[in-house]
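[1] Please find the sequence and the predicted model below.
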Amino acid sequence: MTKIKVIIPAFNEQDSIVNVINDIPDIVEEVIVVSNNSTDNTEINARNAGATVLTENKKGYGYACLKGMEYIAKEETKPNIIVFLDGDYSDYPEELTKIVAPILKDDIDFVIGARIKRLREQGSMTPQQVFGNWLATFLMKIMFSAKFTDLGPFRAIKYDKLLALNMKDKTYGWTVEMQLKAIKQKLSYIEIPVKYRNRIGVSKVSGTVKGTIFAGIKILGWIFKYSFK
């Protein structure tokens, strides 16, 4: 039987986290919410909704994801698939079945939920997000012949392949690091179009000038770093 676990990094997502957890399909064995230094009721709400709740006080998306992986590594039985999903309810958790289908049916290693324009709610991605995604995936295409069109956070990967990537990034570069390493290690991958809506609450990255700048620097840094390897 295929075991699927979900890791949800969450920073002050008390108003959205229950919706996210409740919409995750029953095929998932465990939902792991990693509270990334939250100061609201994110942890209480997530626990009451049935999730396993971890805390990571070092702020950063990558820190939270690594904390979830550290927890899984200590469990006696390991999953076959890990799904990463944001806690702001911008993704549609029920589409998880679409995300994992290529792994289950076609033995694909890695799947990205691509937030294509026709399925995006108006205003759900800022102009800087749209441009940043285009630039990053364009550079990956010309430098590595990659076929990615998005750095979407809603993604699934075989657990053993995830471990082999030896993920390091602690902050904004987590998603692009995973995609670059997947290319370098010649993992099979595919994008699946997914819906995307306006998040609940304010974005901690694209909603701030500082977050946008630092995310851009981190993403481009990873791309150019790998272009010289």
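    Happy to help now that I have it.

[2] Quick one: the strands in the protein, in order.
    Using DSSP state E, the strands of the chain run over residues 4-10, 30-35, 52-55, 81-84, 110-114, 155-158, 189-193.

[3] Can you convert the ones you listed into a markdown table and add a column each for mean neighbour count, mean pLDDT and distance to A182?
    In short, each C-beta sits where N, CA and C put it, glycine included. Converted to a markdown table, the strands of the chain look like this (neighbours: other CB atoms under 10 Å; pLDDT from 0 to 100; distance: least, CB to CB, whole Å):
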| stretch | mean neighbour count | mean pLDDT | distance to A182 |
| --- | --- | --- | --- |
| strand 4-10 | 25 | 98 | 17 |
| strand 30-35 | 25 | 98 | 22 |
| strand 52-55 | 18 | 98 | 25 |
| strand 81-84 | 24 | 98 | 13 |
| strand 110-114 | 24 | 98 | 5 |
| strand 155-158 | 24 | 98 | 8 |
| strand 189-193 | 19 | 98 | 6 |
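
[4] could the ones you listed go into TSV alongside distance to L165?
    Formatted as TSV, these follow (distance: least, CB to CB, whole Å):
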stretch	distance to L165
strand 4-10	14
strand 30-35	18
strand 52-55	21
strand 81-84	11
strand 110-114	9
strand 155-158	8
strand 189-193	12
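
[5] just so I know, which of these lies nearest I200?
    The minimum distance between I200 and the strands of the chain falls on strand 4-10, with 11.6 Å, by CB to CB.

[6] elements contacting that closest one?
    helix 17-22, strand 30-35, helix 42-48, helix 61-73, strand 81-84 (3 or more CB pairs under 8 Å, 6 or more residues apart in numbering; DSSP states H and E).

[7] would JSON lines of those with distance to I183 be doable?
    Output for the helices and strands packed on strand 4-10, formatted as JSON lines (distance: least, CB to CB, whole Å):
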{"stretch": "helix 17-22", "distance to I183": "29"}
{"stretch": "strand 30-35", "distance to I183": "26"}
{"stretch": "helix 42-48", "distance to I183": "33"}
{"stretch": "helix 61-73", "distance to I183": "19"}
{"stretch": "strand 81-84", "distance to I183": "18"}
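
[8] burial of K74, as a residue count?
    Other residues near K74 come to 6 when the count uses other CB atoms under 10 Å.

[9] Let me know the pLDDT of it.
    Looking at K74, its pLDDT is 97.

[10] likewise T208?
    Looking at T208, the pLDDT reads 52.

[11] for K161, same thing?
    Taking K161 on its own, its pLDDT is 98.

[12] Show the contacting residues for it.
    Neighbour list for K161: D109, F110, A182, Q185, L187 [criterion: CB atoms under 8 Å, 6 or more residues apart in numbering].

[13] Can you tell me which of those is nearest L135?
    The closest of these to L135 turns out to be A182 (CB to CB; 19.0 Å).
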